[in-house]
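Novice: Build me a model from this:
(4 chains)
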Number of protein chains: 2
Amino acid sequence: MFSKACEYGIRASIFIAKNSFEGKLVSPKEISEEINSPKAFTAKILQALVRHDLIKSVKGAYGGFIIDKDTIASIKLTQIVEAIDGDKIYSGCGLGLEKCDENHPCPMHDKFKVIRDELKHMLETTNLEELALGIKSGASFLKI
Amino acid sequence: MFSKACEYGIRASIFIAKNSFEGKLVSPKEISEEINSPKAFTAKILQALVRHDLIKSVKGAYGGFIIDKDTIASIKLTQIVEAIDGDKIYSGCGLGLEKCDENHPCPMHDKFKVIRDELKHMLETTNLEELALGIKSGASFLKI
DNA sequence: TATAAATAGGATAAAATTATCCGAAATAAA
DNA sequence: TTTATTTCGGATAATTTTATCCTATTTATA
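Specialist: Next comes the predicted model:
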């Protein structure tokens, strides 16, 4: 459904959010260990999230990544997905047609639309806070 | 959502089904032209569909690909997807965790499950006949 | 100010996916 | 039986995605 880069990006964001509740900066090393992802590749993804203003980086000694405490609840999953995978998950045709819309649909157009709309709605209404709280409470996990 | 191989495989199957209504064999050349896909790569995918008994090949001169007329309506999309992409679309974790189930869920597990169940249901209840009829009637398209 | 620790970012490598090419085997028709 | 046509399948190439490495830059602290 998502690229690996996007999967890592979401997991990393949730881990950062969880630590940001307590104002704790985290490093790519700690992140990749806690979400079980390749460190350098994850670091690249973090850079992209910084450029998209979804997370904040603090350079230099004692630096790391963090999310402003009061924005955690307002960051929707769709923002992370779009920052990494772009909007192809919404705009692309399910059967790969270059041009596919109501006037020139692929044979699956309507059926895909139902599912994609639901996915879109889910990503637009799920925020980082609820996901991070699930991790914090031990109800859900980011690795293995 | 699907790999390109899978997109080509679905489009090709629909085109073959459409021609099979009239008992007409079609070649990879004709298929790739009509669904706008790379010929040799598409031919490989057709081989896989033959091995999975979803389409039939007739070797030698005047040969080609065809689907038994009376099975067209019974071939579900899920069979084509599984033949090409395997079952990862159903079984894999949305966030990429190796192990993710109700006892050890990723933070998105429940939300993904809703959507994936719907996708699964859609693929299990959509058959080649209805899709091919859409093409035949001009209501939908397989290229551009 | 010097040092150590941390992110930024370019260069490169490895792996997976997508795509092409060509000869072998099969088969219908002349 | 010969020929032309077509699928089969192995080898290879191109592209994209994933992953690693190394140096420059930044910055808090001693």
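
Novice: how about the residue in chain A that DNA strand D sits nearest to, secondary structure?
Specialist: In chain A, no residue comes nearer to DNA strand D than A:G60, which is 2.0 Å away by C-beta to the nearest atom of the strand. C-beta: built from backbone N, CA, C; applies to glycine. Recorded secondary structure, A:G60: coil (DSSP: H, G, I helix; E, B strand; the rest coil).

Novice: number of nearby residues for it?
Specialist: Residue neighbour count, defined by other C-beta atoms under 10 Å in any protein chain shown, stands at 5 for A:G60.

Novice: Same check on A:K59?
Specialist: A:K59: 6 neighbours (other C-beta under 10 Å).

Novice: again, but for A:D70
Specialist: Residues near A:D70, counting by other C-beta under 10 Å: 7.

Novice: just A:N103 next, same as before
Specialist: Neighbours of A:N103 (other C-beta under 10 Å): 6.

Novice: and what of the one 4 residues further on?
Specialist: For A:P107, the neighbour count with other C-beta under 10 Å is 26.

Novice: Over to it. Which of the three states is it?
Specialist: Applying three-state DSSP: A:P107 is coil.

Novice: I figured it hits B:S137, correct?
Specialist: No. Under the contact definition of C-beta atoms under 8 Å, A:P107 does not touch B:S137, with a separation of 10.6 Å.

Novice: one step back: I'd like to know how far the residue of chain A closest to DNA strand D sits from DNA strand C.
Specialist: According to C-beta to the nearest atom of the strand, to the nearest Å, A:G60 and DNA strand C sit 5 Å apart.

Novice: now swap in A:I135 and tell me
Specialist: 19 Å.

Novice: what's the answer for A:T71, then?
Specialist: 17 Å.

Novice: what's the neighbour count on the residue lying closest to A:S37 once chain neighbours are set aside?
Specialist: Excluding the flanking residues, the one nearest A:S37 by C-beta to C-beta, 6 or more residues apart in numbering or on different chains is A:Y8, at 4.5 Å. Burial of A:Y8 is recorded as 25 neighbouring residues (other C-beta under 10 Å).

Novice: Tell me which helix or strand A:Y8 sits in.
Specialist: helix A:4-20 (DSSP states H and E).

Novice: on contacts alone, who are the packing partners of that helix?
Specialist: In terms of contacts (3 or more C-beta pairs under 8 Å, 6 or more residues apart in numbering or on different chains; DSSP states H and E), helix A:4-20 is packed against helix A:28-35, helix A:39-51, strand A:64-66, helix A:77-85, helix A:128-136.

Novice: gap between the closest residue to A:K120 other than its chain neighbours and A:V81?
Specialist: Take A:K120 and drop its neighbours on the chain: the residue closest to it by C-beta to C-beta, 6+ apart is A:Y90, 5.8 Å away. In this view, A:Y90 and A:V81 are 9 Å apart by C-beta to C-beta, to the nearest Å.

Novice: between these two, which one's more packed in?
Specialist: Higher neighbour count among A:Y90 and A:V81: A:V81, with 23 against 15, using other C-beta under 10 Å.

Novice: how about the helix or strand hosting A:D110: buried residues?
Specialist: In the assignment (DSSP H and E), A:D110 maps to helix A:109-125. The neighbour-count check on helix A:109-125 (16 or more other C-beta atoms under 10 Å in any protein chain shown) flags A:109, A:111-112, A:115-116, A:119, A:122-123 as buried.

Novice: So which of those residues reach chain B?
Specialist: Of the residues in those, proximity to chain B by C-beta under 8 Å from any C-beta of the partner chain holds for A:109, A:111-112, A:115, A:119, A:122.

Novice: If you count contacts, what does the helix or strand bottoming out on mean pLDDT in chain A end up packed against?
Specialist: Within chain A, no helix or strand scores below helix A:88-91, which has a mean of 88 by mean pLDDT, DSSP states H and E. If you count contacts as 3+ C-beta pairs under 8 Å, 6+ apart, helix A:88-91 packs onto helix A:109-125.

Novice: swap the cut-off to 7 Å and go again
Specialist: Contact analysis of helix A:88-91 by 3 or more C-beta pairs under 7 Å, 6 or more residues apart in numbering or on different chains; DSSP states H and E lists no helix or strand as a packing neighbour.
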